[in-house]
Structures are given as C-alpha cells and as structure tokens.
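# only the shape, not the letters, is given here:
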C-alpha cells in the first residue's frame, strides 16, 4: 500500500476525531472516542490482521491523549505527530517515549 493511502486514512480519521468530542461531567471519554473511530472506520475495507487501525490512549506530560495509528506487519509506520484531548484539542507529541500508560482502546477488527 502506498504512503499516500496511509496519509489519507490518517487525515480522515483525525478529521473525524476532531469533530466535537464534548466532555460533560458524566460522559466517558474513552467510549466517546471509540464511537467516533468506529464511525470513521466503518467504510474501511483495509482492516486485516496484517493491516490494523487502532485507537490508543496515553498520558503525555500530565494530559490524557487519544490517537489513532496503524499497525502493519509489512510496513514501517511512524507514530502520529499529535494526540487529541477529550475535548478535541490537539497536542503535539515531541517524543512518544514520554507517553505513559499507553492502552489500545479499540481496533478496526473490534467492529
């Protein structure tokens, strides 16, 4: 698969994720993000054991971030340049080694 395809999918996913994650006192941000990525990933036909989109969560410098990326056994995929807060604010990640408590919340194979 071409790198343009990866960039397109990443851009579409990021756009979908940025579209209004509003946090109220009772909302569960993890579930909100899972619903958003599920809707973004539904039209994808490229989900397989070898090529897998995923939603991750981690803590970067005290801020909980959500991010999407791709795991691919046959290709080299760089980590995303940014993560998003529950509200959808963009946070640039200078060094992914500083992101702690990383969890995979969902993959495209979960839906």
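Noted; the coordinates are in hand. On a predicted model such as this, the values are computed, not experimentally measured, just so you know.

# every contact and neighbour count from this point should use C-alpha atoms.
OK.

# residue boundaries of the helices in the protein?
In the chain, the helices defined using DSSP state H lie at 3-18, 29-41.

# lowest mean pLDDT across the ones you listed, which one is that?
Mean pLDDT values for these show the minimum at helix 3-18, a mean of 44.

# nearest the middle, which residue of this protein would you pick?
The centroid of the chain falls nearest to residue 68 when counting by C-alpha atoms, centre = their mean (1.6 Å).

# okay, and the beta partners of it?
residue 55 (DSSP bridges).

# that one contacts residue 41, correct?
No: Residue 68 is beyond contact range of residue 41, at 10.8 Å (criterion: C-alpha atoms under 8 Å).

# where in the chain is pLDDT low?
1-27, 44-46 (pLDDT under 70).

# ok, 90 please
Along the chain, segments meeting pLDDT under 90 span 1-27, 37-53, 70-79, 107-111.

# what's the neighbour count on residue 78?
Look at residue 78: counted by other C-alpha atoms under 10 Å, it has 9 neighbours.

# ok, now how distant is it from residue 68?
12 Å (C-alpha to C-alpha, to the nearest Å).

# what are the buried residues along stretch 77-93?
82-86, 88, 90-91, 93 (16 or more other C-alpha atoms under 10 Å).

# quote the end-to-end distance of it.
16 Å.

# one more: stretch 84-103?
15 Å.

# repeat for stretch 41-51
13 Å.

# contacts for that stretch?
Residues external to stretch 41-51 that are found in contact with it (C-alpha atoms under 8 Å, 6 or more residues apart in numbering): 13, 52-53, 70-74, 108-109, 111.

# what's the spacing between the spatially closest residue to residue 82 that is not a sequence neighbour and residue 103?
Distances taken as C-alpha to C-alpha, 6 or more residues apart in numbering place residue 92 nearest to residue 82, at 4.2 Å, with adjacent residues excluded. With distances taken as C-alpha to C-alpha, residue 92 is found 19 Å from residue 103.
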